[in-house]
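Asker: show me how the following folds:
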Amino acid sequence: MIAYIRLQRFKCFLDQIVQFAPLSILCGTNNTGKSTVIQALLFLRQSAMTGNFAKADLPLNGPLVHMGTARDLFCQWAEEDNIQISVAFSDLPDRILTCKLAYRREDHDALSMKLMESPSDLPSSSLFADRFFYLGAERMGPQLVYPVSEDSLETMHVGFRGEYTAHCLHQFGNKKIKLPQLKHSPEDHSIELLFQVEEWLKDMLPGGIMINPDRITQADILQVSFRDSERNTDYLRPTSIGFGISYCLPIIVAGLMAEKDNLLIVENPEAHLHPQAQSRMGIFLSKLAAAGVQVILETHSDHLLNGVRIAVKKGYIDEKYVSINFFERDYNIVRPAIDAYGRIDLWPDGFFDQAEKDLGELI
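Answerer: Residues are numbered from 1 along each chain as shown. Okay, here's the model as predicted:
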């Protein structure tokens, strides 16, 4: 499990440490560095998985994250001509994995940078595990057809935009989830993936959503249809039911496919969801982290944060398992803490306080 990442002369950060826990929340106003932290993690994974750490020059762009040019990576206020990304893992307390890159000012438009130091003997879990879950902010909306993943069964995931969610449900829908403690209710008669996905969807969205993934083998594509059992509707195509299901479904499927010590990174899990669903999503992700999956969230949702606070108060997750990193405008990070009752000890300006500010204007 990732304990922290240190970014030196990387994009907007001269020297910053971001602390992680089983459930880590990255929040703050726009353009304060939240996505930069996620990009650094993705950049390390991409470089490791493509074998680029063995090269003299490290490519900056790849299938997982597109970093641009050397100038895009280098902090404009830095004096030393290098970039350093360091990661520590809680189960490897004596080791820090470091990627150090040389910045050549005369070659600032380069698409690669010279490796001065690269991490070796990478851990097989968490950031560098075979199966890795990352869902970006631009997830795939409702589609008439969905692609088939070319990954092996051991490494298959929902895709970085959720594009392989249908394939995962079709392939693993009748398989038991890896973490039985994630079943929605103790009374559930099944812990098969598809059943549990439908149960968690009921918790977040009105009605009883039933899912039918169907593969068209002659074309190597899949179709998905949805039915509201509470209203007794017919099975409908995704384009007839709006964006909410399509945006939250990959998160639920990824979470229920995950195993202990896997990593799930999600940007804006609240996208296209009603406030109630956002809160329930916070509870789901809290339970996922409590079960042993490290979860890193980038969010602007006070409802999702409140869902995490409720999960703490109800004992679904220990407060020590939650880390909040609030990014301020000067790229400083403040770390409010949650106590066992779900209370937060520190409310800096801009930290999920807009509702109170607006009410103050209206009263």
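Asker: use CA for all of it now, contacts and neighbours both
Answerer: Fine.
Asker: Ser24 belongs to a helix?
Answerer: No: applying DSSP: H, G, I helix; E, B strand; the rest coil, one finds Ser24 to be strand, outside a helix.
Asker: which parts of the biggest strand by length in the chain are buried?
Answerer: The longest strand of the chain (DSSP state E) is strand 92-102. For strand 92-102, burial by neighbour count (16 or more other CA atoms under 10 Å) applies to Leu97, Thr98, Cys99, Lys100, Leu101, Ala102.
Asker: what sits closest to Arg120 if chain neighbours are left out?
Answerer: Careful, residue 120 is Ser and not Arg. Of all residues not flanking Ser120 in the chain, Leu97 sits nearest, at 7.4 Å (CA to CA, 6 or more residues apart in numbering).
Asker: element containing Ala137?
Answerer: Here Ala137, judged by DSSP states H and E, is contained in no helix and no strand.
Asker: contact partners for it?
Answerer: By CA atoms under 8 Å, 6 or more residues apart in numbering, the contact set of Ala137 is Arg161, Val266, Glu267, Asn268, Pro269, Ala271.
Asker: next step: those restricted to strands.
Answerer: Per DSSP E, the subset of those in strands is Val266, Glu267.
Asker: among the contacts of Ala137, who's most crowded?
Answerer: Each of the contacts of Ala137 was scored for neighbours by other CA atoms under 10 Å, and Pro269 scores highest at 25 neighbours.
Asker: just checking, it touches Cys248?
Answerer: Yes: counting by CA atoms under 8 Å, Pro269 touches Cys248, with 7.0 Å between them.
Asker: now Phe172: closest residue in space that isn't a chain neighbour?
Answerer: Leu193 (6.7 Å).
Asker: near the one you found, how many residues? Count them for me, please.
Answerer: Leu193: 24 surrounding residues under other CA under 10 Å.
Asker: same question for Thr50.
Answerer: Neighbour count of Thr50, defined by other CA under 10 Å: 12.
Asker: check Leu115 too.
Answerer: As a burial measure, Leu115 scores 21 neighbours (other CA under 10 Å).
Asker: ditto for Pro348
Answerer: 13.
Asker: check Asp345 too.
Answerer: Asp345 has 11 nearby residues by other CA under 10 Å.
Asker: doesn't Val334 make contact with it?
Answerer: No: using CA under 8 Å, Asp345 makes no contact with Val334, being 11.5 Å away.
Asker: and Val158, what does it touch?
Answerer: In this structure, Val158 makes contact with Phe133, Tyr164, Thr165, Ala166, His167, Cys168, Pro250, Val253, Ala254, judged by CA under 8 Å, 6+ apart.
Asker: now do Tyr235
Answerer: Tyr235 neighbours (CA under 8 Å, 6+ apart): Ser225, Phe226, Arg227, Asp228.
Asker: pick out the most distant pair among the residues you listed.
Answerer: Ser225 and Asp228 (10.5 Å; CA to CA).
Asker: what about His310, how many neighbours?
Answerer: To be clear, residue 310 is Ile; His isn't right here. With other CA under 10 Å as criterion, Ile310 counts 22.
Asker: next one: phi and psi at the nearest residue to it once chain neighbours are set aside?
Answerer: Leaving aside its chain neighbours, Ile310 sits nearest to Gly342 (6.1 Å; criterion: CA to CA, 6+ apart). For Gly342, the backbone dihedrals are phi 80, psi 10 (criterion: degrees, to the nearest 10).
Asker: so Gly342 versus Gln171, what's the distance?
Answerer: To Gln171, Gly342 is 38 Å away according to CA to CA, to the nearest Å.
Asker: show me which of the two is the more surrounded one.
Answerer: Legend: neighbour count by other CA under 10 Å for Gly342 and Gln171, higher for Gly342 (19 against 14).
Asker: just to check, that one is in contact with Lys313?
Answerer: Yes: using CA under 8 Å, Gly342 is in contact with Lys313, at 5.0 Å.
Asker: now the strands for the stretch 151-300 of the chain?
Answerer: Using DSSP state E, counting those that start in this stretch, the strands found in the stretch 151-300 of the chain span residues 209-216, 221-228, 263-267, 294-298.
Asker: could I get the ones you listed as CSV with mean pLDDT and distance to Pro93?
Answerer: Listed next are the strands of the stretch 151-300 of the chain as CSV, based on pLDDT from 0 to 100; distance: least, CA to CA, whole Å:
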stretch, mean pLDDT, distance to Pro93
strand 209-216, 93, 44
strand 221-228, 94, 44
strand 263-267, 98, 18
strand 294-298, 98, 17
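Asker: related to what we said a few turns ago, quick one, which of the contacts of Val158 are buried?
Answerer: Counted by 16+ other CA under 10 Å, the contacts of Val158 give Phe133, Tyr164, Thr165, Ala166, His167, Cys168, Pro250, Val253, Ala254 as buried.
Asker: just to revisit the earlier point, ok, the residue nearest to Phe172 - contacts?
Answerer: Going by CA under 8 Å, 6+ apart, Leu193 touches Leu169, Phe172, Gly173, Asn174, Lys175, Lys176, Ile177, Val253, Leu256, Met257.
Asker: per-residue pLDDT, it?
Answerer: The model reports Leu193 with a pLDDT of 98.
Asker: circling back to that earlier point, which residues touch the residue nearest to Ser120?
Answerer: Taking CA under 8 Å, 6+ apart, we find Leu97 in contact with Ser86, Val87, Ala88, Ser118, Pro119, Ser120, Leu122.
Asker: go on, Gly136?
Answerer: By CA under 8 Å, 6+ apart, Gly136 lies in contact with Phe160, Arg161, Val266, Glu267, Asn268.
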